[in-house]
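**Q** please work out how this folds:
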Amino acid sequence: MIKNFEEIQTAGKENLEAAVASASALTKGFQEIATEVADYSRKSFEDGSAVFEKAAAAQSIDKAFEVQSEFAKTAYEAYVGRVTKIGELYMNAAKEAYKPFEGQLGQFAGKDTPKK
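**A** Residues are numbered from 1 along each chain as shown. As a prediction, the model looks like this:
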């Protein structure tokens with residue numbers, strides 16, 4: 001009986017340690033994502049302000065449209081790049097959060113199922 005209690009206590013401790021490690025990995029991942037989003041927002045605002053000033057200083061409507069078209073193209077490319085990077089950060093966070101549980105789940109997969 002004592003042996004079973006010790007096994008249960010050990011398993012509980014391992015589960016708690018895995019949960020803490022997983023939560024820490026998720027927290028780190030979400031901090032990286034928040035930093036990336038904040039950087040992108042700041043950069044987008046700065047770029048938008050610069051384009052507005054450049055378009056306002058344009059000598060003709062054609063030049064203003066050219067500036068706006070160029071900005072739209074670069075803004076779209078930057079957006080797609082950042083969305084891809086943020087998606088990779090989410091995937092990395094999920095992988096890191098899962099790692100502490102890999103060993104425990106592997107234990108269950110290796111056990112034979114009882115026959116009826």
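**Q** now residue 54: closest residue in space, sequence neighbours ignored.
**A** Spatial nearest neighbour of residue 54, excluding adjacent residues (C-beta to C-beta, 6 or more residues apart in numbering): residue 67 at 5.1 Å. C-betas here are computed from N, CA, C, even on glycine.
**Q** ok, that neighbour - contacts?
**A** 51, 54-55, 58 (C-beta atoms under 8 Å, 6 or more residues apart in numbering).
**Q** what's whatever helix or strand residue 36 lives in packed up against?
**A** Assigning secondary structure by DSSP states H and E places residue 36 in helix 2-56. Under the contact criterion of 3 or more C-beta pairs under 8 Å, 6 or more residues apart in numbering; DSSP states H and E, helix 2-56 touches helix 61-110.
**Q** and residue 5, what pLDDT?
**A** As predicted, residue 5 sits at a pLDDT of 78.
**Q** okay, now it: neighbour count?
**A** Around residue 5 there are 9 other residues, counting by other C-beta atoms under 10 Å.
**Q** how far away is it from residue 11?
**A** Applying C-beta to C-beta, to the nearest Å, the value for residue 5 to residue 11 is 11 Å.
**Q** over to residue 66?
**A** 67 Å.
**Q** low-confidence ranges, this protein, go.
**A** 1-2, 105-116 (pLDDT under 70).
**Q** check contacts around the residue positioned nearest the centre of the chain.
**A** Geometric centre of the chain, nearest residue: residue 90, 2.7 Å, by C-alpha atoms, centre = their mean. Each residue near residue 90 by C-beta under 8 Å, 6+ apart is listed here: 29, 33.
**Q** same thing but 10 Å
**A** By C-beta atoms under 10 Å, 6 or more residues apart in numbering, the contact set of residue 90 is 29-30, 32-33.
**Q** sorry, back to before: just the buried residues of the contacts of residue 67.
**A** Neighbour-count burial within the contacts of residue 67 applies to 51, 55; the criterion is 16 or more other C-beta atoms under 10 Å.
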